[in-house]
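Novice: everything below, folded, please.
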Amino acid sequence: MKKTTTQPAPKGLSTAAQTWWKRLHNEFDLTDEAAQFLLESALRSFDRMSEAAALVTKHGVVVIDKFGQLKSNPATTVERDSRAAMHAAFKQLNLDVLPPQKPGRPAGS
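Specialist: Next comes the predicted model:
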């Protein structure tokens, strides 16, 4: 796709998400409203996923509920759902980030 001028990142994105915003705008033509919306959605999901992952790292995959029983940390669900939303938005953008490969195993394996 054609390279475009970098548009300012939406307010509220993390530094990492802003870096992705700039990089993707420099590499691809993302000037239409749909692409802007999808990229912003993907990056907000990335931020949410990162926040949830930090909570899982801090508190663990399981937590103790009010009855003293182990239960899944609710942040694991947020992380999973945010990752899925991010992947879906990037997939809809249809960006060619890797060159096409020949099908099958790589040579020498």
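
Novice: contact partners for the closest residue to residue 47 other than its chain neighbours?
Specialist: Closest residue to residue 47 apart from its sequence neighbours, by C-beta to C-beta, 6 or more residues apart in numbering: residue 14 at 4.9 Å. C-beta here means a position set from N, CA and C on the backbone, and glycine is covered the same way. Counting by C-beta atoms under 8 Å, 6 or more residues apart in numbering, residue 14 touches 46-47, 50.

Novice: and the residue most central in space within the chain, how close does it get to residue 14?
Specialist: Note on the chain: the residue nearest the mean C-alpha position is residue 46, at 3.5 Å, using C-alpha atoms, centre = their mean. Taking C-beta to C-beta, to the nearest Å as the measure, residue 46 and residue 14 are separated by 8 Å.

Novice: now swap in residue 84 and tell me
Specialist: 19 Å.

Novice: check which residues of stretch 14-32 are buried.
Specialist: Buried residues in stretch 14-32, counted by 16 or more other C-beta atoms under 10 Å: 14, 17-18, 20-21, 24-25, 28, 30.

Novice: thank you, goodbye.
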